[in-house]
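Trainee: mind folding the following:
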Amino acid sequence: MIKVSLKYSDDLIDSIEITGHANYDLYGKDIVCASVSSIVITSVNGIIRLNSNSIDYKNNDGIFISILNHNKVVDTLIDNMVSLLKELEKQYKKNIIIKEVHSC
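Mentor: Numbering: from 1, shown residues only. The predicted structure is shown next:
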């Protein structure tokens, strides 16, 4: 199962961690993994093209995104990415789960 952890502070996403494998199909044929990868990489690349200092992105044994500079464009692209992942979660409940953690 793909696990997406969204960490919030003051109603803004501060970081996103994505781990696991969907196990929907064989490696290389898994449409859920391919969808998650496409959604995330497209969003990250868009943000980096606008301002490479807005996020920190790591792809080692999972994907970790830390939002360094919030602004309207970055937050809109992150919100769009999360919305797309949530739509995927609705369709493939056995393969992807999204957890939201809000700090006080």
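
Trainee: residue 40 falls within a strand, correct?
Mentor: No - residue assignment for residue 40, taken from DSSP: H, G, I helix; E, B strand; the rest coil, gives helix, which places it outside any strand.

Trainee: out of everything not next to it in sequence, what's closest to it?
Mentor: Nearest-residue entry for residue 40: residue 63, 5.9 Å, with adjacent residues in sequence omitted and distances by CB to CB, 6 or more residues apart in numbering. (Each C-beta comes from the backbone N, C-alpha and C, glycine too.)

Trainee: what's the neighbour count on that neighbour?
Mentor: Per other CB atoms under 10 Å, the neighbour tally for residue 63 reads 18.

Trainee: all strands for the chain, in order.
Mentor: All strands of the chain, identified by DSSP state E, fall at 2-9, 12-19, 55-59, 63-67, 96-102.

Trainee: pull the CA atoms of the first one into CSV?
Mentor: Output in CSV follows, covering the C-alpha atoms of strand 2-9 (Å, rounded to 0.1, in the frame of the first residue of the first chain):
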residue,chain,number,x,y,z
ILE,A,2,1.2,3.5,-0.7
LYS,A,3,1.1,5.7,2.4
VAL,A,4,0.9,9.5,2.0
SER,A,5,1.5,11.5,5.2
LEU,A,6,0.6,15.2,5.1
LYS,A,7,1.9,17.3,7.9
TYR,A,8,0.1,20.6,8.5
SER,A,9,0.9,23.7,10.5
